[in-house]
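[1] Give me coordinates for this.
(one chain, ligands or ions: 1)
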Amino acid sequence: MANAKPLVVYYSRVDENYSVGNITKGNTEIVAEMIAKKTGADLVKVEPVKEYAKDYKTCIEESKKELAADARPAFKPVKLNPADYDEIYVGYPIWWGEMPMPMFTFFDQYSFKGKKIHPFVTHEGSGLTGLKRLEKATGGVMAEGLAIYGHVAQKEPEKAQQLVDEWLKK
Ligand SMILES: Cc1cc2nc3c(=O)[nH]c(=O)nc-3n(C[C@H](O)[C@H](O)[C@H](O)COP(=O)(O)O)c2cc1C
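    Numbers count the residues shown, from 1 in each chain. Just a heads-up that it's a prediction; the model follows:
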């Protein structure tokens, strides 16, 4: 029998970021929660064991090195059985045009092969990128994605909610 409940899995960073300053809830997290609320999905947050630097500049350097090294930073244990889900919403901030590396560690550990993947990202100009590597990492079937500016999610939640609602209707 098909699983009715979708899963939302995401990474999102707090502290200092481009365009929004110091934040206590990540831009992608705001969108992830909107999607979960509308769809009744379970939420799983991918949290790296070693946090990135709180200041934007250092974080940029750390993440650049990780991407170049194709690193697999460890994430904190989560309670999850992929077999419980058929529809997976995958959310991440665009980092150097790609998914942050802890998401790759996550997909190395949890297989979503053949499942429907709905990507959503927040960004500050790149738009919806990183999809090729996401498809490869999950082995899933890619559905149409959603891209929202991070500062819109953070500062104009009504506008972000509208974009989420329109996307979910498709
Ligand atoms: C390390 C780092 C790299 C980033 N690289 C990009 C990028 O390549 N393209 C882009 O449009 N935005 C980039 N951004 C901006 C983020 O994608 C944007 O602020 C996003 O909304 C952050 O989401 P979060 O609060 O959920 O972490 C980068 C931000 C950080 C911290």
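
[2] Could you tell me how many residues sit around the nearest residue to Thr28 once chain neighbours are set aside?
    Ranked by CB to CB, 6 or more residues apart in numbering and with sequence neighbours excluded, the top spatial neighbour of Thr28 is Ser12, at 3.8 Å. From N, CA and C alone the C-beta is placed, and that goes for glycine too. Neighbour count of Ser12, defined by other CB atoms under 10 Å: 24.

[3] from what I can see Ser12 touches Met99, true?
    No. With contact defined as CB atoms under 8 Å, Ser12 and Met99 do not form a contacting pair (11.9 Å).

[4] and for those two, which residues touch both?
    Tyr92 (CB atoms under 8 Å, 6 or more residues apart in numbering).

[5] Stretch 36-46 near the ligand at all?
    No. Using CB under 6 Å from any ligand atom, stretch 36-46 stays clear of the ligand, with a minimum separation of 10.6 Å.

[6] What's the separation between the nearest residue to Thr138 once chain neighbours are set aside and Pro6?
    Nearest non-adjacent residue to Thr138, counting by CB to CB, 6+ apart: Phe112, 4.6 Å away. In this structure, Phe112 and Pro6 are 12 Å apart, going by CB to CB, to the nearest Å.

[7] Would you mind listing the residues touching both of these two?
    Joint contacts of Phe112 and Pro6 (CB under 8 Å, 6+ apart) are Tyr85, Ile88.

[8] Report the separation between the residue nearest to Thr28 and the ligand.
    In this view, Ser12 and the ligand are 3 Å apart by CB to the nearest ligand atom, to the nearest Å.

[9] picking up where we left off before, state the distance from the residue nearest to Thr138 to Tyr149.
    As for Phe112, its distance to Tyr149 is 27 Å (criterion: CB to CB).

[10] Cheers, nothing more for now.
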